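K.L.:
Mind looking at a prediction? Sequence and model below.
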Amino acid sequence: MTLSGEQTIYQAAELHQQLHAALAGHAAIELDLSCVGELDCAIAQVLLWLRRESLRKGVALRFVDPSPASLDFIRLVGLQGELSLEEAAHGS
């Protein structure tokens, strides 16, 4: 699954629903963050929920290739360890 563009409070409810459905229907989820232009605390909360729910349900979860904007925000709020980002093309 790829997130793109602006990911803020205005997209949080819809994203939560999409991820909830993905958790129910998949043994593994890969969330590509390479196209994210903006991220805020509401989306960070959704990503934390996803991490915890995936662990609880035994669903493999990978956050891959964070865009510079998403990586900067996640580092700013101190969640890089919790989210276990896998940096590829944008590595730093």
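P.N.:
Arrived safely, thanks for sending.
K.L.:
Which SSE is immediately downstream of the strand ranked longest in the chain?
P.N.:
Longest strand of the chain, by residue count under DSSP state E: strand 28-39. On the C-terminal side of strand 28-39, the closest following helix or strand by DSSP states H and E is helix 41-57.
K.L.:
That next one to strand 28-39, inter-axis angle?
P.N.:
Using axes from the mean of the first three to the mean of the last three C-alpha atoms, to 10 degrees, the direction of helix 41-57 lies 170 degrees away from that of strand 28-39.
K.L.:
Past helix 41-57, which element shows up next along the chain?
P.N.:
Counting by DSSP H and E, the next helix or strand C-terminal to helix 41-57 is strand 60-64.
K.L.:
Give me the contacts around the next helix or strand along the chain from that following strand.
P.N.:
Note on strand 60-64: by DSSP H and E, the next helix or strand toward the C-terminus is helix 68-76. With contact meaning C-beta atoms under 8 Å, 6 or more residues apart in numbering, helix 68-76 is reached by 7, 33, 36-40, 44, 66, 80, 83, 85, 87, 90, 92. Every C-beta, even on glycine, is put in place using the N, C-alpha and C of the backbone.
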